[in-house]
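Q: Provided below for reference: sequence and predicted model.
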Amino acid sequence: MKRMTASYRGKKGFPPGTLTHVGTIYEEKIRVRQTSFDPAGADSRDLERWQDLLPFRNDRAVAWIEINGIHDVRAIEEIGRHFSIHPLVLEDILNTTQRPKFEEFDDYLFLVAKVPFAQHPSESAVGSAQTVLKTNHRVEISFEQVSLLFGKDWVISLTERDQTLFDPVRERLLTGKGRLRGQGADYLAYALLDVIVDQFFVVLEDLGDAIEFLDEELVRRPGPNLLRQIHAFKRQLMYLHKTVWPVREIIGAFERCGSRFCSSETGPYLRDAYDHIIQAIDTVETYRDLISGMLDIYLSSISYRLNEVMKVLTIISTLFIPLTFIAGVYGMNFEYMPELKWQYGYYGVWSIMILVTLGMLRYFRRKKWL
Amino acid sequence: MKRMTASYRGKKGFPPGTLTHVGTIYEEKIRVRQTSFDPAGADSRDLERWQDLLPFRNDRAVAWIEINGIHDVRAIEEIGRHFSIHPLVLEDILNTTQRPKFEEFDDYLFLVAKVPFAQHPSESAVGSAQTVLKTNHRVEISFEQVSLLFGKDWVISLTERDQTLFDPVRERLLTGKGRLRGQGADYLAYALLDVIVDQFFVVLEDLGDAIEFLDEELVRRPGPNLLRQIHAFKRQLMYLHKTVWPVREIIGAFERCGSRFCSSETGPYLRDAYDHIIQAIDTVETYRDLISGMLDIYLSSISYRLNEVMKVLTIISTLFIPLTFIAGVYGMNFEYMPELKWQYGYYGVWSIMILVTLGMLRYFRRKKWL
Amino acid sequence: MKRMTASYRGKKGFPPGTLTHVGTIYEEKIRVRQTSFDPAGADSRDLERWQDLLPFRNDRAVAWIEINGIHDVRAIEEIGRHFSIHPLVLEDILNTTQRPKFEEFDDYLFLVAKVPFAQHPSESAVGSAQTVLKTNHRVEISFEQVSLLFGKDWVISLTERDQTLFDPVRERLLTGKGRLRGQGADYLAYALLDVIVDQFFVVLEDLGDAIEFLDEELVRRPGPNLLRQIHAFKRQLMYLHKTVWPVREIIGAFERCGSRFCSSETGPYLRDAYDHIIQAIDTVETYRDLISGMLDIYLSSISYRLNEVMKVLTIISTLFIPLTFIAGVYGMNFEYMPELKWQYGYYGVWSIMILVTLGMLRYFRRKKWL
Amino acid sequence: MKRMTASYRGKKGFPPGTLTHVGTIYEEKIRVRQTSFDPAGADSRDLERWQDLLPFRNDRAVAWIEINGIHDVRAIEEIGRHFSIHPLVLEDILNTTQRPKFEEFDDYLFLVAKVPFAQHPSESAVGSAQTVLKTNHRVEISFEQVSLLFGKDWVISLTERDQTLFDPVRERLLTGKGRLRGQGADYLAYALLDVIVDQFFVVLEDLGDAIEFLDEELVRRPGPNLLRQIHAFKRQLMYLHKTVWPVREIIGAFERCGSRFCSSETGPYLRDAYDHIIQAIDTVETYRDLISGMLDIYLSSISYRLNEVMKVLTIISTLFIPLTFIAGVYGMNFEYMPELKWQYGYYGVWSIMILVTLGMLRYFRRKKWL
Amino acid sequence: MKRMTASYRGKKGFPPGTLTHVGTIYEEKIRVRQTSFDPAGADSRDLERWQDLLPFRNDRAVAWIEINGIHDVRAIEEIGRHFSIHPLVLEDILNTTQRPKFEEFDDYLFLVAKVPFAQHPSESAVGSAQTVLKTNHRVEISFEQVSLLFGKDWVISLTERDQTLFDPVRERLLTGKGRLRGQGADYLAYALLDVIVDQFFVVLEDLGDAIEFLDEELVRRPGPNLLRQIHAFKRQLMYLHKTVWPVREIIGAFERCGSRFCSSETGPYLRDAYDHIIQAIDTVETYRDLISGMLDIYLSSISYRLNEVMKVLTIISTLFIPLTFIAGVYGMNFEYMPELKWQYGYYGVWSIMILVTLGMLRYFRRKKWL
């Protein structure tokens, strides 16, 4: 929560365009990898130092530079300068609290998105088998910022951490599976975006399982603990909604201004990605509806239970309070109480008590409490 | 619920455009049927193997190919290739979690929609006559994906299962009833779409009956079971809304870009279908309003009941607690208690008790509790 | 409620454009009336059989054909054919579950609307004067479908029942009051539409009285019966909103495409009708806000009452329970209980009890419960 | 509330354009005043009879005709005819239930708005100083309809009652303060509109005071009376919102079509008035939010109190009920009860009671109830 | 709250354009500072009297005039006249209740915004260390009005108080850090606007801390005090939303009409500021969602607690009331009560009591109350 605004604490007062890294620093060293390809083939190399990248050379049609880790400000600055990226763009890349957006420049397009990752908390830490089962359904979503830059014959992807997100795409390039190799930088950018969109679905599936689990829990004994979980869930959906929503605009903007950068063949694929992200938004909204429905059920079942409890209390109290009073009357020690001397007084009192009880029960039945 | 996202589990990492069937496989073999017609006549033939369809030949003006079952990926692929369908469209057809949409291509139009079917759960399983009556009002809606493709002189309809949905249309073609035979592929596509729209109303009627039943149940003893049913209902309406809403866009898009594919005569019919779908959306929204009104009534009647119960408890307790206290006082065993020796002490106590009771009753009446 | 969807039960499977009457059949025979007028005069005649209308002849400038009752499919079909009305329009006229709409054709304009009528249930059935007073405030709204068709020199109005709705207009034509006679078919169509708009206000006034009555009832003893009435009211407002809203679009569309059919003088009148319908919508929305405010008051007064009841219970219980305990202690039969033998033991106990009571009362006062 | 629709009761059936006065008749005689001005000077005269106005003559550049009271239909009709006002406009002027609107005609512009006036009920009637203090914060808003008509060199303002609303403007004209005299009819119309906009702020200030008072009352003992006041307040804000909202459109429309009627200098002033009305709308919406926040606080503090009350009841009951039971046991009269004969039986029972009480208290503390 | 409308109390009746200061007067004397710069250098001077500013002379490319304090109407008027500012703009500057807005004039642009400042109430006043810790999380937001005017080569900034808000910008100008000196008046105006945008984030961070603190408090013992804090928070967010929202429009309008005033280089920077303000709005909305989620949790935990309390009361009461009744029965003093004479009567009664208790406990367990 705090991370959403924490960025500005240190930056206030600096002139705009000053490059500062804002966010968690995950690793000591950033990692740079270059993958070049053309229809004929593809090769990938890990660079030991980011300095090896410059001066940049590419033997094939398209080059894809992956940068994992964005905390080395100087590296980003140098690479940015080489590809003549606008300083504000570099600032956006470094600021991990950046809102997802898409921007068009003369020579390149820039987009930044948040990618969700689902974690199952304390999966390893907890020992007993039963708890493990439960924690499978407790999902925590973290977001990581991914930036994409691409021009005529190059794509730069920047991620916060060294991650395996884009591995399948590299795999496809190297193995030549699919039509990726035969296409240009635009299609590669689309392919990377498609991986990001897919990642939303991966997370949504985990959330779907968790919702199902919560729904079942609700039938079993509901408690304030469950309420807290439902609310935590609601918050996560809120954050997820806030990250998935702008992706729609990004893809839309990509598609619209793509004519200059994209071959006409990439169009239908972008429209397809657009449909997918709409579906992801739909699913998030469905989940929100389901969650608020669950909250309603929770609250009304609590109030129904209260009602039931009160009914039992009322019935028991109402049945016995008059009887206890009658017994109390004949427990009084007055010297002159004629009933006490009657031979069948005791039995008479019992009869009265039974009659009162039966009358009460009839009353309750008429009120439909029994 | 899970089905909405389940599709991506297996697909992540595949290049876009890879054909994979996603969804439940209903039957072993898919079924293909070809119906050809022109103003002069119409004939229909069941193909034993889908391979018999290709190479495709048509002796009449328009051919309608029905494919029931979409799990045979190779069949879809081959037929798709014959009609030169874009691989992404084929992917959409095979993916039963596809969001309803409409797409225009150079040579054909493509639309995919979800068709609702109402089921009355365990109708046969339950034996007693009374329960059967009740289950008539318990509706479960399942959705099936229907895809339509049509070009100049052909229409392809694809459904998940072998179903009777489009039988009346085929019937009309074969018997020559209506103006269907004299029209082109566009009108046939409209007729199929009209059947889909009608199916929404069929389901809405069943839901209308169920709402009426729930409404009556609400007057009789409302309980947590009913609450759960109302919420289940609400969910189903939510899903129904999500499927009926995009159909509006589909018909609207069909009508707009129809000029290229449709004769001018089909226009008013499409506008009519548009009106109908608007009415279906209206009805779904009316039902949603009714359901949330029912929830409000339920909750406030619960809280009213609680109030009533509490009033009874309070009146009984408040009446008897002071009396019991008085009786308790004279049940004490002090050796020196003058009242106990008074001759009319017992009657005096009774008088006091009656006075207290009358005072209480007056107080309650003034408070309007009685 | 059910009527909104009931229409499709019988129609599914028929080709579009098949004429079938959908709705309640109110009378055996439909009634047709022709009123012709020009600035010089106007005359009106009741046709014994609808067949007498055809072949249609008109001696004056404009002819207005009123058809009361739309269940005679053949009559509608024949008349429709004579004025060359599109079959889909006839279908819409016959289907009384049709959504209000406006459509423009080459030679005529078509509009269909729902007109509300307020009924005071069982006004006659109930005998006692008091109940009659009450039922004046119980309003039930029914809707009737009215269709208007008009071309250059003719207007056709179709209603479900033989009704007096348009009588004032005919009166004005025959007596020559107002500027109606001097105008064309467009102004007559406007005048009929104006009557429909006015009818909404008539119903809204009745609803206004009913709301006022409910509001007063709320101050007097509120109960679950009132809650049910408020909810019934809310539903009726929902239906009314659903019928009044599209009338706005209808008038707007009428005004926009009127240039071809309307003289420029009718324009301001249509804008006036538009303003009126906006005001009607406003009023409906005001009523909805008032009703939901009333629901809130109802619920919070219920919960306030519960609170009050609980306070009384708590005060009484808390005052007497400790006293009863003390009395119980000295009612024990232990042989060795020194207090019982003390001479002032009894008075001492009373003193303790009074002190406890005073302490309690002070506590309650500090808690602001008294 | 009823006044919003009451207008139509008498009017139904009349042809559109028939002039009828709808609304309360405030005074016997309407009052007409003519103020003429040019940069050189200004003079104002009260007309004894409205007939003196006609035939209309004006010695100066611009004439402003104020008509206070609109119930004299003939006067409005005659004056309207003189300035050739459209009959529908006159109808709108006479109908005090008219929705605020703006209309453009060839020779003049017409606008009608509702002006709010705040009243402090029974200020004079109530004697005691304390109550007067309180009633200062009870605001009742009444609305009065003001119509403005203006052409090239004349402005007509019509109000329901003889009021002082426009006195400052006349004052400015007569004293020559500000730039009013040097401008045309358009600027005068703007100045009158500005007074109307200011009147909203006057009322909003009174409402602001009342909200502050309610907010303080909420901290002190809240009751159902306060709830009713809050809801009455909410309704008034609703009505105020409904009247202030269309003024925005009116000013916007005035500005847009002003080019024909307004000098270019009036433009910025109109934009300024537009900004003010937006601010008024903003304030109304802020008040609505504040009021609904207050309702939430009210409801949750009621439920918190209930909780507190229940806790006290439960603690007291739970503490004493077991003790009373123990005392009851040893009040039984069985002949053979060994404990009764024990020498320290009585003390033993006390010990048990104290232990039970301590146990209970510990339990409550653990539950955080104490 | 009141400040939003208080402005009009004194102004009503004055002609529009009359300059009056509306708002709190913070200091006796207003302070004027002139900073001039060109790429070569920058110098700043404090003017002892505002009169020293006029006649205005500037040796460098761009002049920035800072005016701290706007209550000296004559000063504003004179300076305004010198730069030929429209009187309505001066009126807007002086009225501190002005809604944020942007206006374009022929020679200059004008914008006014509200800048939020967070205060931690009574930080110094409270002595004990613990309270200080707490008050860190109690934030009160005050708003100050900042107006910016800028033309070709001058910028005027007006603030309500002498403040340090723009100090970093002046610093940068004087030290030559960043690209500020080399740019024109448009970039300076952007830089000032950027400071305002940043100030929103500074306040949002404080609010973020406070929300986190409230969230933790909610887990610990929640009470009506916390509820009040949450509602106060909600109000502040409402006011913040109302001030941050129009800033979006301001920057958008600035960017759109900037072509005439701005160099093309300023464009991306404005778009960047726009993105930032969108993010601020997003954060405010996230906070609102979080707060309303917290309210829901608060309310449902209150109702859950009530439920728990009631359960305990019911269990205790239900267990002991029947037992007390039994004890009461055998406390009666009838002469003929056979059970009293039985040798094991006392033990029999105990057995019955134990059996009843066990039965009750089983019942409770089945009801899942234990």
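A: Happy to help now that I have it.

Q: C-alpha only now, for contacts and for neighbours.
A: Will do.

Q: which residues does residue A:353 contact?
A: A:323, A:326 (CA atoms under 8 Å, 6 or more residues apart in numbering or on different chains).

Q: so how far is chain D from it?
A: Counting by CA to the nearest CA, to the nearest Å, the gap from residue A:353 to chain D is 18 Å.

Q: Where does that residue fall, secondary structure wise?
A: helix A:345-366 (DSSP states H and E).

Q: try residue A:289
A: Assessed by DSSP H and E, residue A:289 sits inside helix A:266-329.

Q: For residue A:79, give me its contacts.
A: Residue A:79 touches residue A:54, counting by CA under 8 Å, 6+ apart.

Q: Let me know the next secondary structure element after whichever strand or helix holds it.
A: Using DSSP H and E, residue A:79 sits in helix A:73-82. Going down the chain from helix A:73-82, the next helix or strand is helix A:87-94, by DSSP H and E.

Q: For that next one, which helices and strands make contact with it?
A: helix A:73-82, helix E:266-329 (3 or more CA pairs under 8 Å, 6 or more residues apart in numbering or on different chains; DSSP states H and E).

Q: Flag every buried residue along that helix.
A: Applying a neighbour-count criterion of 16 or more other CA atoms under 10 Å in any protein chain shown, one finds A:87-94 buried in helix A:87-94.

Q: same thing with stretch A:49-56?
A: Buried residues in stretch A:49-56 (16+ other CA under 10 Å): A:50, A:53.

Q: Need the winner for burial among the helices and strands packed on helix A:87-94.
A: helix E:266-329 (a mean of 20; mean count of other CA atoms under 10 Å in any protein chain shown).

Q: for it, packing partners?
A: Counting contacts by 3+ CA pairs under 8 Å, 6+ apart, helix E:266-329 packs against helix A:87-94, helix A:224-256, helix A:266-329, helix D:266-329, helix E:185-219, helix E:224-256, helix E:345-366.

Q: cutoff 7 Å now
A: Under the contact criterion of 3 or more CA pairs under 7 Å, 6 or more residues apart in numbering or on different chains; DSSP states H and E, helix E:266-329 touches helix A:266-329, helix D:266-329, helix E:185-219, helix E:224-256, helix E:345-366.

Q: can you list the domain ranges for chain A.
A: A:3-302, A:303-366 (automatic domain parsing).

Q: And the residue of chain A closest to chain E?
A: Across chain A, the shortest distance to chain E (CA to the nearest CA) belongs to residue A:331, at 3.9 Å.

Q: Chain neighbours aside, what residue packs nearest to that residue?
A: residue E:332 (3.9 Å; CA to CA, 6 or more residues apart in numbering or on different chains).

Q: Quick check: that neighbour touching residue A:327?
A: Yes: using CA atoms under 7 Å, residue E:332 is in contact with residue A:327, at 6.1 Å.

Q: What separation do you get for the closest residue to residue A:38 other than its chain neighbours and residue A:41?
A: Of all residues not flanking residue A:38 in the chain, residue A:61 sits nearest, at 5.0 Å (CA to CA, 6+ apart). Note on residue A:61: its distance to residue A:41, by CA to CA, to the nearest Å, is 10 Å.

Q: Which one's more surrounded, these two?
A: residue A:61 (20 against 15; other CA atoms under 10 Å in any protein chain shown).

Q: pLDDT below threshold where in the stretch 101-250 of chain A?
A: Applying pLDDT under 70 to the stretch 101-250 of chain A picks out residues A:121-137, A:221, A:224.

Q: in stretch A:159-171, what's buried?
A: Quick answer for stretch A:159-171 (16+ other CA under 10 Å): A:159-162, A:166, A:168-170.

Q: CA-only coordinates of that stretch in PDB, if you can.
A: Provided in PDB are the C-alpha atoms of stretch A:159-171 (Å, rounded to 0.1, in the frame of the first residue of the first chain):
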ATOM      1  CA  THR A 159      12.200  -6.100 -15.500                       C
ATOM      2  CA  GLU A 160      12.800  -5.400 -11.800                       C
ATOM      3  CA  ARG A 161      14.300  -8.800 -11.100                       C
ATOM      4  CA  ASP A 162      16.000 -11.600 -12.900                       C
ATOM      5  CA  GLN A 163      12.900 -13.600 -13.800                       C
ATOM      6  CA  THR A 164      11.800 -16.400 -16.100                       C
ATOM      7  CA  LEU A 165       8.700 -14.600 -17.400                       C
ATOM      8  CA  PHE A 166      10.000 -14.200 -20.900                       C
ATOM      9  CA  ASP A 167      11.900 -17.500 -21.100                       C
ATOM     10  CA  PRO A 168       9.200 -19.200 -23.300                       C
ATOM     11  CA  VAL A 169       9.600 -16.400 -25.900                       C
ATOM     12  CA  ARG A 170      13.400 -16.700 -26.000                       C
ATOM     13  CA  GLU A 171      12.900 -20.500 -26.300                       C
END
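
Q: what's next to it, contact-wise?
A: Applying CA atoms under 7 Å, 6 or more residues apart in numbering or on different chains, the contact partners of stretch A:159-171 are A:26, A:67-70, A:144-147, A:192, B:13.

Q: Just among those, which is most surrounded?
A: The most crowded member of the contacts of stretch A:159-171, judged by other CA under 10 Å, is residue A:70 (28 neighbours).

Q: pretty sure it contacts residue A:94?
A: Yes: using CA under 7 Å, residue A:70 is in contact with residue A:94, at 6.2 Å.

Q: distance of the closest residue to residue A:290 other than its chain neighbours from chain C?
A: Excluding the flanking residues, the one nearest residue A:290 by CA to CA, 6+ apart is residue B:235, at 7.4 Å. Using CA to the nearest CA, residue B:235 is found at 20 Å from chain C.

Q: Nearest to chain D: which residue in the stretch 201-350 of chain A?
A: For the stretch 201-350 of chain A, CA to the nearest CA, closest residue to chain D: residue A:331, 8.7 Å.

Q: before we move on, what SS does that residue have?
A: Under the three-state scheme (DSSP: H, G, I helix; E, B strand; the rest coil), residue A:331 adopts coil.

Q: Might you report the residue contacts of it?
A: B:331, E:331-333 are the contacts of residue A:331 under CA under 7 Å, 6+ apart.

Q: swap the cut-off to 10 Å and go again
A: By CA atoms under 10 Å, 6 or more residues apart in numbering or on different chains, the contact list for residue A:331 reads A:325, A:340, B:327-332, C:331, D:331-333, E:328-334.
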